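J.: sequence plus predicted model, see below.
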Amino acid sequence: MQRVFRKEKMLARLRSEGRIGLVGPDEYAIMDRLDGCTGDDNNWRSVVYIMHPDTHEGMYVALVDCD
């Protein structure tokens, strides 16, 4: 299934888990670049691989951080 990564969802989850202090400038930059990008979910891991359409930079994100 196609998913859309949402930076704000990830930040809200990290705040609620008490892990927002672990996020630095590099992580914010990656989230900014991938915000709104789409990917396919890998249900066996509860993760989604999101790739930026222009740079092809990608990363796995939590399924709960996507729409």
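T.: Alright, I've got the coordinates.

J.: the residue nearest to the spatial centre of the chain: what secondary structure?
T.: The residue lying closest to the centre of the chain (CA atoms, centre = their mean) is V61, at 4.1 Å. For V61, the secondary-structure state derived from DSSP: H, G, I helix; E, B strand; the rest coil is strand.

J.: what does T55 give?
T.: Secondary structure assignment for T55 (three-state DSSP): coil.

J.: now it. Nearest residue, chain neighbours left out?
T.: What sits nearest to T55 in space, not counting adjacent residues and going by CB to CB, 6 or more residues apart in numbering, is R33, at 7.1 Å. Where C-beta positions appear, they are placed from N, C-alpha and C, glycine not excepted.

J.: and for D32?
T.: The shortest distance from D32 to any residue other than its chain neighbours is 6.7 Å, reached at K7 (CB to CB, 6+ apart).

J.: how far away is that neighbour from M1?
T.: Distance, K7 to M1, using CB to CB, to the nearest Å: 20 Å.

J.: kindly report the same for C66.
T.: Note on C66: its distance to M1, by CB to CB, is 10 Å.

J.: equivalent analysis for H56, please.
T.: Relative to M1, H56 is positioned 21 Å away (criterion: CB to CB).

J.: so which elements touch the helix or strand where I50 lies?
T.: Using DSSP states H and E, I50 maps to strand 47-51. Counting contacts by 3 or more CB pairs under 8 Å, 6 or more residues apart in numbering; DSSP states H and E, strand 47-51 packs against strand 38-42, strand 58-62.

J.: ok, the lowest-mean-pLDDT helix or strand in the chain: who's next to it in the sheet?
T.: Least confident helix or strand, the chain: strand 38-42 with a mean of 82, by mean pLDDT, DSSP states H and E. Note on strand 38-42: by DSSP bridges, its sheet partners are strand 2-4 (antiparallel), strand 47-51 (antiparallel).
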